[in-house]
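Novice: need coordinates for the following:
(chains A and B)
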Amino acid sequence: MPETSPRVGLFVTCLVDMFRPSIGFATVKLLEDAGCTVEVPELQTCCGQPAYNSGDQADARALALNVIEAFKGFDYVVVPSGSCGGMIVKHYPEFFEPGSTEHDEALDLARRTHEITSFLTRVMKVEKVEAQFPARATYHDSCSGLRELGIRNEPRKLLASVEGVSLREMTDAEVCCGFGGTFCVKYPGISDKMLEKKLRHIEATGADTLIAGDLGCLMNMAGKLKRQGSAIKVRHVAEVLAGDYETPPIAEAE
Amino acid sequence: MTEMSTTAFKDNVTRALADDKLQFAMTETGPRFIAKRTKAREALPEFDQLRDQARDIKDHVLDHLDIYLETYEAKVKEAGGHVHWAETPDEARAAVLEICRKANAKMVTKGKSMISEEIDLNKHLEENGITPVETDLGEYIIQLRNERPSHIIAPAVHLTRDQVEADFRRVHTHLDPKRDLTEIPALVEEARAVLRQKYLNADVGITGANFLIAETGTSIIVTNEGNGDLTQSLPKVHIVLASIEKLVPTLEDATTILRVLARSATGQDFSNYTTFSTGGRRPGDPDGPVEYHVILLDNGRTSVLGTEFQDMLRCIRCGACLNHCPVYNAVGGHAYGWVYPGPIGSVVTPALVGIENARHLPNASTFCGRCEEVCPMRIPIPKMLRHWREKEFERHLQPTSQRWGLGLWAFMAKRPRLYRKATAIAARVLSNQAVGKGRLKKVPLASGWTAFRDLPAPQGKTFHQLWKERRP
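Specialist: Numbers count the residues shown, from 1 in each chain, chains lettered A, B, ... in the order given. Here you go, the predicted model:
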C-alpha cells in the first residue's frame, strides 16, 4: 500500500450514475477503506463507448477528450466497470496520433485508470475486505474486464474474504451474457438466446446470488431472471465487497 | 438457400432461433470443439509463440504479395503446372470450365474448397452439363440438401444425425430400409461406398488449398477423411482453386502455421492427412494427375491490402472464431447469409460483397472478444468489425432511428450540465413508475430491451445528485 493517501478520481459510469448509485457509493467506501481520498469530477458523463461501438469516431473522441480533461491530476482513476475501464485503458490511446499531446494524455490516463477490484488488489495490495454478506454466490466474468483488462482472480479473491460469501463457479463463466451495449436492443432475439444459456448455467450452480462487475451485464441478466420469476438476487461486486446488503438487489424493490 | 440482404439477416435469425433441430445440433457441437482446442493448446507450451510467428509470416507475405505470387507462378510452371489468374468469380468459373471442357469432363470430384463456394462453382458446372460430386462427408451431405456450408471446416454442423439419415435414404435409393443408419460410422460407411466409384470415374478432381508455397510451387491441403488425396490423385486432371492470400514463402513457414491450424480447428495436433502437391505426374511416376492447374482468385482481396482491413487476409480458415462465438452458436452459420459465417465471416463478407449488402453482419456482435482471443493468426476481429461500423456510419447506412438516438445521446453527453439535468429527470420518471417493483415490464421506445427482459428501474436520484447532497 502506498505511504501517502492516493488521490483517486471516481469514474462513476453513466449506468451507475443513472440506475444504481449504490454501486458508486460502495466503490467509494472500498476506496476510502483502502486509504484513498476520493473525488468525483463534475465534468464526467460517459466514456463514449456507445458512440465508439456505433462507428461514430468524432463523438467518441470528443467524449474521450472530456474524460481526459475531467481526470487530469488524479493519482488514479477508478471505475466500477471493466467495460468502461477497458474503453479508457485500451481504446482511448487508439483515438489519437502517436506523438500528439492528446495521445500522450490518453496514455497517461490509461496508465492511471483501473477497474475497482483490480485496483484494490494490484495497486493498493488489498488482500481482504472487512465485510459481511450472506450469499451462496456465483460470479460472471464480464467480457471487457476479462479479455481487455485480464481481470479474473481479483474479484474472486476479494469475494472469498467477505464473511458469509461462498462462491461456486458456473459453467462458461467467461462466455458473454448477451448484453453487448446496443447489441441487446438491436438484436434482441440473439441476445435472448445467449442470455438463456447463461441463466441456465447460473441456475445450475444452485447459487442464490449472481455477482458481476459490470452494471450493463447485471441489468441484462437480472432483467430476464426477474421476468422468469427467479429468486436469484443480482448484485454488483462492489456492493458485496462493501457489505451493502441493505440496498435491494438489482431489479428488486426489497 | 438463404438470401443475403439487409433485411434477410434478421429474418434468418428469427428462423434460426425457432429451429429446434438447428438449436439441438448447435448445442452439441460448440462445446466439443472448444474443449478439444483448449486441451491441444494446453499440451503445447509454445502455442502462443507459434501464433506470433504465424501472424508475422502472413504479415510479411501480405506486405510483399506481388513478389511471392510471381515466384510461386514461376515454380508451378517449372514443375509442369499451369497457373490461371482470376480477378473475379466469373473469370475463375470460366477457367475451371475451360479446363473441364478440354478434358471432356462429365463428372468432377471435389475436395472441400471455400473458394468453390465463394464462386458458386457447382451451379456453374451443372449448368454446363458437368456433374460435381463433393467428397468431404459434410460437403457431400449439404450437396444432397442443396445447401451452403454452415461452418468453414464442418459444413454440416447445423444438422442432426436423423436429418442426415433421412437425406441418405431419400437420395441413396439402393438403401435397404432395414439397414441401421442411426450411428455416425454407419453414415460414413454408406457415403464412402457411394463415393468410391465416383473417385474412379471422375475426369477432373478439384481441391482447395490451405497453403501455397512460393519457394516450391507446392499446394497443401489438410483433410481428415483422405478424400482430398483421392480427389486429386485419381483423375487425369487436378485443379487447385485458391485465393491469393494463401501464399507462404517457404515449406518451413507452412509447417509453422500448420502447427496452429489443426489445434485451433479441431484440437488435433495435426489433421489426419496433410497432402503436398507440386505439379502433375512426372515421367516414371506410377500415378497422379497428368495435368495440374492452379486457379488464383482475387475477388476483391487486393483492394483490402494496405487498408485497415488487411489483417483479415491472415485468416487460415480454421473456424476457431466460429466455435467460440456465442452469436454464431446461437444462430448457426446460415443466418449470416453468404459463404463465410461467424466472426471472421462478418469481417470478410462486407469486403467481398460490399458493406451496403452486409450491413447487419458487423453489428451482430457483442464485441465479447473471444474470437480474437482464440484466433491462431491473431486477427483483431472486433477491431475490424468496428471499422466496418465506422464505414457504415460514414456512409449513413445505419437506420435513421439509431442515428438520431445516438446523435441525441452524444449531444447531451458532450454537455455535462445538461446531461446531469436530463439523467436526473429520466431516473426520477422511471423509478416513479417502478415504485414497489424495482423493475419495469414495458418502457416506451425500449421494446428491444423489454421484449425478453424487464428493465431494472433506477434507484431514484442519480449518483451525482446524491454525491452533492452527501458530500457537499
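Novice: tell me the residues of the stretch 101-250 of chain A that contact chain B?
Specialist: Within the stretch 101-250 of chain A, the residues that sit near chain B (CB under 8 Å from any CB of the partner chain) are A:143-144, A:147-148, A:174-176, A:178-195, A:197, A:219-220, A:222-224, A:226-227, A:247-248, A:250. In this view, the C-beta of every residue, glycine as well, is placed from N, C-alpha and C.
Novice: run the chain-centre distance for the helix or strand containing residue B:11.
Specialist: Residue B:11 belongs to helix B:8-17 when assigned by DSSP states H and E. Relative to its chain's centre, helix B:8-17 lies at 18 Å (CA atoms, centre = their mean, to the nearest Å).
Novice: may I have it exported as CSV, CA atoms only?
Specialist: The C-alpha coordinates for helix B:8-17 follow below in CSV (Å, rounded to 0.1, in the frame of the first residue of the first chain):
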residue,chain,number,x,y,z
ALA,B,8,-32.7,-11.1,-44.7
PHE,B,9,-30.3,-11.3,-41.7
LYS,B,10,-33.0,-10.5,-39.2
ASP,B,11,-35.4,-13.0,-40.9
ASN,B,12,-32.7,-15.6,-41.0
VAL,B,13,-32.0,-15.1,-37.3
THR,B,14,-35.7,-15.4,-36.4
ARG,B,15,-35.9,-18.6,-38.4
ALA,B,16,-32.7,-20.0,-36.8
LEU,B,17,-33.8,-19.2,-33.3
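Novice: most centrally placed residue in chain B?
Specialist: Residue closest to the average C-alpha location in chain B (CA atoms, centre = their mean): residue B:340, at 3.6 Å.
Novice: what helix or strand does it sit in?
Specialist: Per DSSP H and E, there is no helix or strand for residue B:340.
Novice: isn't it up against residue B:353?
Specialist: No: counting by CB atoms under 8 Å, residue B:340 does not reach residue B:353; the two are 10.1 Å apart.
Novice: give me the nearest residue to the closest residue to chain B within the stretch 51-200 of chain A, chain neighbours excluded.
Specialist: Relative to chain B, the nearest point of the stretch 51-200 of chain A is residue A:180 (2.7 Å; CB to the nearest CB). Nearest residue to residue A:180, sequence neighbours excluded (CB to CB, 6 or more residues apart in numbering or on different chains): residue B:366, at 2.7 Å.
Novice: how close does the one you found get to residue A:184?
Specialist: 8 Å (CB to CB, to the nearest Å).
Novice: which neighbours do the two share?
Specialist: By CB atoms under 8 Å, 6 or more residues apart in numbering or on different chains, residue B:366 and residue A:184 have these common neighbours: A:178, A:191.
Novice: and the residue nearest to the centre of chain B, what's its pLDDT?
Specialist: Confidence at residue B:340, expressed as pLDDT, is 96.
Novice: check contacts around it.
Specialist: By CB under 8 Å, 6+ apart, residue B:340 lies in contact with B:114, B:118, B:152, B:348-349.
Novice: can you pull the pLDDT of the residue of the stretch 51-200 of chain A closest to chain B?
Specialist: 96.
Novice: could you pull out the helices for chain A?
Specialist: A:14-19, A:21-33, A:49-52, A:57-70, A:82-86, A:101-112, A:116-118, A:143-149, A:153-160, A:183-186, A:188-204, A:215-227, A:237-241 (DSSP state H).
Novice: which other helices and strands contact the first one?
Specialist: Packed against helix A:14-19 by the contact rule (3 or more CB pairs under 8 Å, 6 or more residues apart in numbering or on different chains; DSSP states H and E) you find helix A:21-33, helix A:215-227, helix B:416-433, helix B:463-470.
Novice: hang on, the earlier thing: CSV please, covering the helices of chain A and showing mean pLDDT and mean neighbour count.
Specialist: Formatted as CSV, the helices of chain A follow (pLDDT from 0 to 100; neighbours: other CB atoms under 10 Å in any protein chain shown):
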stretch, mean pLDDT, mean neighbour count
helix A:14-19, 97, 26
helix A:21-33, 98, 23
helix A:49-52, 96, 24
helix A:57-70, 97, 19
helix A:82-86, 98, 28
helix A:101-112, 98, 17
helix A:116-118, 98, 25
helix A:143-149, 97, 25
helix A:153-160, 98, 19
helix A:183-186, 95, 22
helix A:188-204, 97, 21
helix A:215-227, 98, 25
helix A:237-241, 98, 28
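Novice: stretch B:293-303 - what's its average pLDDT?
Specialist: In this model, stretch B:293-303 carries a mean pLDDT of 97.
Novice: try stretch B:51-71
Specialist: 98.
Novice: could you state which residue of chain A sits nearest its centroid?
Specialist: In chain A, the centroid-proximal residue (CA atoms, centre = their mean) is residue A:81; its distance is 1.8 Å.
Novice: now it. Its backbone dihedrals?
Specialist: Main-chain dihedrals, residue A:81, degrees, to the nearest 10: phi -170, psi 130.
Novice: so which elements touch whatever helix or strand residue B:125 lives in?
Specialist: Per DSSP H and E: residue B:125 is located in helix B:121-127. Judged by 3+ CB pairs under 8 Å, 6+ apart, helix B:121-127 is in contact with helix B:89-102, strand B:131-134.
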